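Engineer: Any chance you could fold what I've pasted below:
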Amino acid sequence: MKFNAQETNVAQQLKMTTQPIPSLIINLSIPTIISMLVTAIYNTADTFFVSRLGTSATGAVGIVFSIMALFQAIGFTFGTGAASIISRKLGKHDINTASRLASTAFFLALGSGSLFAILSLFSLNNFMLKLGATKTILPYAKDYAVYILLGAPIMCASFTMNSILRSEGKATFAMLGLTTGAILNIILDPIFIFKLGLGISGAAIATLISESISFLILLSFFVLRKSVLRITIKNISRIPREYADIVFLGFPSLCRQGLASIATVALNVSASLYGDAAIAAMSIVGRTFMFVLSIIVGLGQGFMPVAGYNFGAKNYSRVKEAFWFTVKAGSAITAVMAIIGFTMAPEIIASFRKEDVEVIAIGTLAMRLQFSVLILQSLFVPVNMLFQSTGHAIRATFLSSNRQGFYFLPLIFILPRLFGLIGIGMAQPISDILSFLTCIPFLYFFMRKLKVLGSDEI
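Structural biologist: This is a model prediction of the structure:
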């Protein structure tokens, strides 16, 4: 079996280092984009169906969304941390080390998700209030969060497996796992919420069931040996350095996703001063923006294994070619989506809460501000992924911390004091502009070094 796995990896390595870059990235990114879009659709569908229950219920989804973003942060921290090394190990035909890293990352995610769920459920009431819930939103938030927290271990582990599968070029497998669960969730939402009369709890139960199905599908690819990697308890690493490497290289994802969660909490806390309508509006805008951003992130995740494989194989010209193709394709996509989002903002917000004119007014302004700088994402997202996939964790961590950490968090507290409610909508686009400007010098010097023969010093 080892021979077959090695043979499979040789074929995969040849494909990743010789196939034309455009077709390679497109083939790898399309399944990832589809899976992320479907996931974004079901997150948006949750908000859409729950919005039928009222403005406070809609706000509750926005409150709990910060928890789900944290699950994603945990899963991607261990997943992308391991995946960055796995791609390079597979590029060197080292399957045993790659499998050990995959197993270690999986069980780290499972354990971390379990610990998070236990601690959160014991102080649920205070936890929801700290996340920005108002007194009217609190009952809905608690009913929704309790089931979401029960699914924390499997959600964290699913994100980790998704990253691991992509790291070996099996993006289609990752897509099947996520999209099956997402489609099931969209089907179950109206049944549990309305037909069974479970309200907002029904939406959470539908999510829990769907995430469990996704988890089992993703795990089956490793159990049934559809992957060259093996995830087993006996494969868990006993080498402390490998744990440190996983966390170190995954730290940019923790910063990117974890700070996104913290930023969502800060946004909800700031918006709560203006009532449930403001929280609901920001929740709708956030879900809509994540739907569009998932295309860029999916494209970037199709780029990451290409960069990792070729960097490991010292094909530096292909790393550069892959990066610039990703930026150009992303720019074309975001330009189109920005025009659509900006012009149709009122109609998009109204499709969720047409009964509440205040939600529509607040949401329209915030969406137009955010979509006006959407095209900048097509550069600073791939730059961050370039550093992460090539093992430059410190630079990747710094850049991933900028958007939601160094820039957004101060702005979300400063700008509302200066400009009121409009300041809340201004915080994210301004932080995007600053993030874009910050990444340019990092990219310039990295590309210069890639030209040097023997780029081991990079």
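Engineer: okay, CA-based contacts and neighbour counts for the rest of this
Structural biologist: Noted.
Engineer: so where is the stretch 251-400 of the chain shaky, pLDDT-wise?
Structural biologist: Counting by pLDDT under 70, the stretch 251-400 of the chain has low-confidence residues at 256.
Engineer: Where do the helices of it begin and end?
Structural biologist: 259-272, 276-312, 316-343, 345-353, 357-371, 377-389, 393-401 (DSSP state H, counting those that start in this stretch).
Engineer: What's the first helix or strand after the last one?
Structural biologist: Downstream of helix 393-401, the next assigned helix or strand under DSSP states H and E is helix 409-419.
Engineer: Check the offset of that following helix from the chain's centre.
Structural biologist: 25 Å (C-alpha atoms, centre = their mean, to the nearest Å).
Engineer: what angle do that helix and helix 259-272 make?
Structural biologist: Our comparison of helix 409-419 with helix 259-272, counting by axes from the mean of the first three to the mean of the last three C-alpha atoms, to 10 degrees, yields an angle of 20 degrees.
Engineer: With only the CA atoms kept, save helix 409-419 in CSV.
Structural biologist: C-alpha atoms of helix 409-419 as CSV (Å, rounded to 0.1, in the frame of the first residue of the first chain):
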residue,chain,number,x,y,z
LEU,A,409,-10.6,47.0,16.0
PRO,A,410,-9.3,50.6,16.8
LEU,A,411,-11.4,52.1,14.0
ILE,A,412,-14.7,50.4,15.1
PHE,A,413,-14.4,52.2,18.5
ILE,A,414,-13.0,55.5,17.2
LEU,A,415,-15.1,56.2,14.1
PRO,A,416,-18.6,55.8,15.7
ARG,A,417,-17.5,58.4,18.4
LEU,A,418,-16.7,60.9,15.6
PHE,A,419,-19.3,60.1,13.0
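Engineer: Which other helices and strands does it contact?
Structural biologist: Secondary-structure packing of helix 409-419 (3 or more C-alpha pairs under 8 Å, 6 or more residues apart in numbering; DSSP states H and E): helix 259-272, helix 421-450.
Engineer: Next, the angle from the longest one to helix 393-401.
Structural biologist: Between helix 421-450 and helix 393-401, the angle formed by their directions is 160 degrees, by the same axes, to 10 degrees.
Engineer: what do you get for the shortest one?
Structural biologist: Helix 259-272 and helix 393-401 meet at an angle of 20 degrees, taking the same axes, to 10 degrees as the criterion.
Engineer: CSV please, covering the helices and strands packed on helix 409-419 and showing mean neighbour count and distance to Ala174.
Structural biologist: Below are the helices and strands packed on helix 409-419 laid out as CSV (neighbours: other C-alpha atoms under 10 Å; distance: least, C-alpha to C-alpha, whole Å):
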stretch, mean neighbour count, distance to Ala174
helix 259-272, 23, 23
helix 421-450, 18, 29
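Engineer: Which one, of the ones you listed, ends up nearest to Ala332?
Structural biologist: helix 421-450 (16.9 Å; C-alpha to C-alpha).
Engineer: Do me a favour and average the pLDDT over that closest one.
Structural biologist: What helix 421-450 shows for mean pLDDT is 91.
Engineer: for that helix, packing partners?
Structural biologist: helix 259-272, helix 316-343, helix 357-371, helix 377-389, helix 393-401, helix 409-419.
Engineer: most tightly surrounded among those helices?
Structural biologist: helix 377-389 (a mean of 25; mean count of other C-alpha atoms under 10 Å).
Engineer: And the contacts of that one?
Structural biologist: Residues from elsewhere that reach helix 377-389 (C-alpha atoms under 8 Å, 6 or more residues apart in numbering): 84, 249, 252, 293, 296-297, 300-301, 304-305, 307-308, 323, 326-328, 330-331, 334, 393, 395-396, 399-400, 432, 435-436, 439, 443.
Engineer: residues of the one helix or strand Ile63 maps to that come out buried?
Structural biologist: Ile63 belongs to helix 55-91 when assigned by DSSP H and E. Of all the residues in helix 55-91, those buried under the rule 16 or more other C-alpha atoms under 10 Å are 55-91.
Engineer: That helix vs helix 377-389, what angle?
Structural biologist: Going by the same axes, to 10 degrees, helix 55-91 makes 50 degrees with helix 377-389.
Engineer: gap between helix 55-91 and the chain center?
Structural biologist: 5 Å.
Engineer: Please apply the same query to stretch 365-375.
Structural biologist: With C-alpha atoms, centre = their mean, you get 20 Å for stretch 365-375.
Engineer: So what touches that stretch?
Structural biologist: The contact list for stretch 365-375 (C-alpha under 8 Å, 6+ apart) reads 282, 285, 289, 330-331, 334-335, 338-339, 341-343, 345, 422, 424-426, 428-429, 432-433.
Engineer: can you check stretch 167-177 too?
Structural biologist: 12, 28-29, 31-32, 34-35, 83-84, 86-87, 90, 161-163, 165-166, 213-215, 217-218, 221, 227, 302, 304-305.
Engineer: Tell me which of those residues fall in strands.
Structural biologist: Under the assignment DSSP state E, these contribute nothing to strands.
Engineer: Of the residues you listed, grab the buried ones for PyMOL.
Structural biologist: Buried residues among those (16+ other C-alpha under 10 Å), as a PyMOL selection:
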select buried, resi 12+28+29+31+32+34+35+83+84+86+87+90+161+162+163+165+166+213+214+215+217+218+221+227+302+304+305
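Engineer: ok, now which ones touch Ile25?
Structural biologist: With C-alpha under 8 Å, 6+ apart as the criterion, the residues that contact Ile25 are Leu299, Gly302, Phe303, Val306, Ala322, Thr326.
Engineer: State the distance from the last one to Phe192.
Structural biologist: Relative to Phe192, Thr326 is positioned 40 Å away (criterion: C-alpha to C-alpha, to the nearest Å).
Engineer: in the stretch 1-150 of the chain, what spans have low per-residue confidence?
Structural biologist: For the stretch 1-150 of the chain, counting by pLDDT under 70, the residues that fall below are 1-13, 39, 91.
Engineer: let's see it at 80
Structural biologist: 1-18, 31-32, 34-47, 84, 87-94 (pLDDT under 80).
Engineer: can you give me the helices for it?
Structural biologist: Counting by DSSP H, counting those that start in this stretch, the helices of the stretch 1-150 of the chain are 2-18, 21-51, 55-91, 95-121, 124-130, 138-150.
Engineer: elements contacting the helix or strand where Leu249 lies?
Structural biologist: Using DSSP H and E, the element containing Leu249 is helix 240-253. With contacts defined as 3+ C-alpha pairs under 8 Å, 6+ apart, helix 240-253 has these neighbours: helix 55-91, helix 95-121, helix 393-401.
Engineer: So what's the residue count around Ile348?
Structural biologist: The tally of other residues near Ile348 (other C-alpha atoms under 10 Å) stands at 20.
Engineer: now Ile239
Structural biologist: For Ile239, the neighbour count with other C-alpha under 10 Å is 9.
Engineer: Fine by me, we can end here.
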